[in-house]
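**Q** sequence and computational prediction follow.
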Amino acid sequence: MILDLLLQLSRYIPQALLSQFTDKLERDTREPIFVFQIPTTILALLGQNEIQNDPASSAAVHYGILAPRFSFWWQLTLLIAMQSMICILIACFIYKFIIEKRGTTTAFLTGYGVVLPFVLLIPFHFCRALQLRNMCLIMSVASTPTLVFFRCLEAIYGTSPTAVEKDITTYCLYYCAVIPFQFASDSKKPIKAEKGEIQAKGLQFIRNFFLMGAFYSLIAFFTYLPFPASILTHQTEESLIDLFHWGHLCNNLALAFLVYFALDTGTLGAGCALSLLSGNSTLTVNDEPLTKSTSIADFWGRRWNLIVHGVLKRGIFKPTRKYFSKTFATIVTFVFSGLLHEYVILVTA
């Protein structure tokens, strides 16, 4: 009887899961919740003269604000939940066969021969099984395994945050959270989130959510080129004059702000949700890098995407530094950072 029940569940769960991803979200079919007008004179100031000179255009261009699409956020939540469960299983495996056997041949073979290849293949199977088409969803699938990849290297070389290897439960907690929990260095326990901290992050998330939506809609209206330029933002064949043209620089800066808003909004929302569910404090991923950075080192080392910064430092830099110079370790870390981004592009291709 129990066996029959398990067999029925094994057939039902995949079908029920696939039914949640029937909407492929390939096209934006939303209607604006409200519309206003942008005078063509303002567009001309931005260099959009083709709109102003179009005989069919009026004195103003209509601009609409779109409401969030529920199916996208629901699918994203499901993907994060599924990846968290897989990460817990991987964490248990790593703890038993790598951390508890660290320094042995078994630990190295398990890490390099089993875990690392497995986590790199996960996104491709996810995308194929669920038939994902939306680029944002595919990128979310590609992001989590890359973190697990570097955390496995931490486990192999003993460079994980000290508190997380206290016991297997704490280690699983370290893996399952999309946004890392913060641990106290003395007690090695997760730091409890204060009510004011959660409220502040929640308000910041709401603010960024609307700012990101408005900014995304605005530059999408100009096909992501709000300023006049003789070359595209992704074009590689250009002269130095074209490269440093003010319009080209401003277009790239606009896209940089869009990436910042997307990363900051997503991590703030996930962090707030994790803090509410667990009661633990989460890492602040971006510390206002575009407005408060005092140097390039401050931007990359202390303010921009501290999740990736942390796993690269512990998974690549510290293990390499044990055997080679600081300069060489820095170069190797930089190379792996590039490979990490190329891997995400490969998954989304």
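**A** It's in.
**Q** C-alpha only now, for contacts and for neighbours.
**A** OK.
**Q** buried stuff in the helix or strand containing Met212?
**A** Following DSSP states H and E, the helix or strand that holds Met212 is helix 195-221. Residues of helix 195-221 classed as buried by neighbour count (16 or more other Cα atoms under 10 Å): 198, 201-202, 205, 208-209, 211-213, 215-219.
**Q** packing partners for it?
**A** Secondary-structure packing of helix 195-221 (3 or more Cα pairs under 8 Å, 6 or more residues apart in numbering; DSSP states H and E): strand 60-66, helix 246-278.
**Q** would you single out the least confident of those?
**A** Taking each of those in turn, the lowest mean pLDDT turns up on strand 60-66, with a mean of 68.
**Q** so the closest residue to Ile307 other than its chain neighbours, which state does it fall into?
**A** Nearest non-adjacent residue to Ile307, counting by Cα to Cα, 6 or more residues apart in numbering: Val285, 6.1 Å away. Applying DSSP: H, G, I helix; E, B strand; the rest coil to Val285 yields a three-state assignment of coil.
**Q** the one helix or strand Val35 maps to pairs with which strands, parallel or anti?
**A** Val35 belongs to strand 32-39 when assigned by DSSP H and E. Strand 32-39 has the following sheet partners, assigned by DSSP bridges: strand 60-66 (antiparallel).
**Q** state the mean pLDDT of the helix or strand just after the partner strand.
**A** Following the chain from strand 60-66 toward its C-terminal end, the next helix or strand by DSSP H and E is helix 70-94. Taken as a whole, helix 70-94 has a mean pLDDT of 90.
**Q** I'd like to know which elements helix 70-94 is packed against.
**A** Helices and strands touching helix 70-94, by 3+ Cα pairs under 8 Å, 6+ apart, are helix 135-157, helix 168-176.
**Q** so which of the ones you listed gets nearest Ser293?
**A** Evaluated with Cα to Cα, the helices and strands packed on helix 70-94 place helix 135-157 nearest to Ser293, the distance being 24.9 Å.
**Q** chain center to the closest one: distance?
**A** Using Cα atoms, centre = their mean, to the nearest Å, the mean C-alpha position of helix 135-157 is found 10 Å from that of the whole chain.
**Q** can you list contacts of it?
**A** Residues from elsewhere that reach helix 135-157 (Cα atoms under 8 Å, 6 or more residues apart in numbering): 75-76, 79-80, 83, 87, 94-95, 98-99, 102-103, 107-108, 111, 115-116, 119-120, 122-123, 126-127, 132, 160, 175, 178, 308, 311-312, 314-316, 319, 340, 344, 347-348.
**Q** kindly write the PyMOL command that selects the buried subset of those residues.
**A** Only the buried entries of these go into this PyMOL selection, using 16+ other Cα under 10 Å:
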select buried, resi 75+76+79+80+83+87+94+95+98+99+102+107+108+111+115+116+119+120+122+123+126+127+132+160+175+178+308+311+312+314+315+316+319+340+344+347+348
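**Q** any stretches of this structure with poor pLDDT?
**A** The model of the chain has pLDDT under 70 over residues 1-13, 38-62, 231-238.
**Q** at 50 what do you get?
**A** Across the chain, the ranges flagged by pLDDT under 50 are 1-3, 6-7, 9-10, 51-57.
**Q** quick one on the thing from earlier: quick one: which of the contacts of helix 135-157 sit in helices?
**A** 75-76, 79-80, 83, 87, 94, 107-108, 116, 119-120, 122-123, 126-127, 175, 308, 311-312, 319, 340, 344, 347-348 (DSSP state H).
**Q** for Pro226, the count of nearby residues, please.
**A** 20 (other Cα atoms under 10 Å).
**Q** can you pull the phi/psi pair for it?
**A** The main-chain torsion angles of Pro226 are listed as degrees, to the nearest 10 and equal phi -70, psi -20.
**Q** find the nearest non-adjacent residue to it, please.
**A** Leaving aside its sequence neighbours, Pro226 is closest to Ile219 (6.0 Å, by Cα to Cα, 6+ apart).
**Q** in JSON lines: the buried residues of helix 195-221, plus distance to Val148.
**A** Rendered in JSON lines, the data for those read as follows (distance: Cα to Cα, whole Å):
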{"residue": "Ile198", "distance to Val148": "26"}
{"residue": "Lys201", "distance to Val148": "25"}
{"residue": "Gly202", "distance to Val148": "27"}
{"residue": "Phe205", "distance to Val148": "26"}
{"residue": "Asn208", "distance to Val148": "28"}
{"residue": "Phe209", "distance to Val148": "27"}
{"residue": "Leu211", "distance to Val148": "31"}
{"residue": "Met212", "distance to Val148": "28"}
{"residue": "Gly213", "distance to Val148": "30"}
{"residue": "Phe215", "distance to Val148": "32"}
{"residue": "Tyr216", "distance to Val148": "30"}
{"residue": "Ser217", "distance to Val148": "34"}
{"residue": "Leu218", "distance to Val148": "36"}
{"residue": "Ile219", "distance to Val148": "34"}
